[in-house]
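Undergrad: predicted model and sequence below, questions to follow.
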Amino acid sequence: MIEAGSWHPIAIIGLVFSIVALGLGVGTTYLAVRGYLRNGQRPMLFVTVGFVFVLLTPILLLFLFIFPIAEEATFYAIGAINQTVGLCLILYGLWTPRTSNISKKV
């Protein structure tokens, strides 16, 4: 088993991917917040909060590599819960019908 705070090549690759995922998550969350503030539609709020939850997962896994203070399984369990809740919120936000001021063509 690979130590959480080790310099093993696989641990470093995991750390690099966690940092990349963190950057992508911050960018995506920023765009989702801007979209919600521009439109003010409730489904977009669920998508935004879902991205925040999904963003927490790489942050938690990054802390696993930097500060090995808790059990590895605990971090992965919390990360999996965050991802699942976040993806459910995104799915709900995309599934919910939107109210729009745009007239429908008949």
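TA: Looks like it arrived, so ask away.

Undergrad: what sits against the residue most central in space within the chain?
TA: Compute the mean C-alpha point of the chain, and by C-alpha atoms, centre = their mean the closest residue is Val54, 1.7 Å away. Going by C-beta atoms under 8 Å, 6 or more residues apart in numbering, Val54 touches Gly25, Asn82, Gln83, Gly86, Leu87, Ile90. All C-beta atoms are positioned from the backbone trio N, CA, C, and that covers glycine.

Undergrad: and it, how close does it get to Val20?
TA: According to C-beta to C-beta, to the nearest Å, Val54 and Val20 sit 14 Å apart.

Undergrad: ok, Thr48 next?
TA: Thr48 sits 21 Å away from Val20, going by C-beta to C-beta.

Undergrad: comparing those two, which residue is more hemmed in?
TA: A direct count of neighbours by other C-beta atoms under 10 Å for Thr48 and Val20 places Thr48 higher, at 22 against 11.

Undergrad: ok, so of the contacts of Val54, who is nearest Ile59?
TA: Gly25 (8.3 Å; C-beta to C-beta).

Undergrad: what's the separation between the closest one and Leu37?
TA: With C-beta to C-beta as the criterion, Gly25 and Leu37 are 18 Å apart.

Undergrad: more neighbours, these two?
TA: For Gly25 and Leu37, the more surrounded residue by other C-beta under 10 Å is Gly25, and the numbers stand at 19 against 10.

Undergrad: now that one: which helix or strand?
TA: Counting by DSSP states H and E, the element that carries Gly25 is helix 9-39.

Undergrad: again, but for Ile78
TA: Ile78 is part of helix 72-95 when elements are defined by DSSP H and E.

Undergrad: now that helix, how far from the centre of its chain.
TA: Chain-centre distance of helix 72-95: 8 Å, with C-alpha atoms, centre = their mean, to the nearest Å.

Undergrad: what residues of it count as buried?
TA: Within helix 72-95, the residues scored as buried using 16 or more other C-beta atoms under 10 Å are Phe75, Ile78, Gly79, Asn82, Gln83, Gly86, Leu89, Ile90, Gly93.
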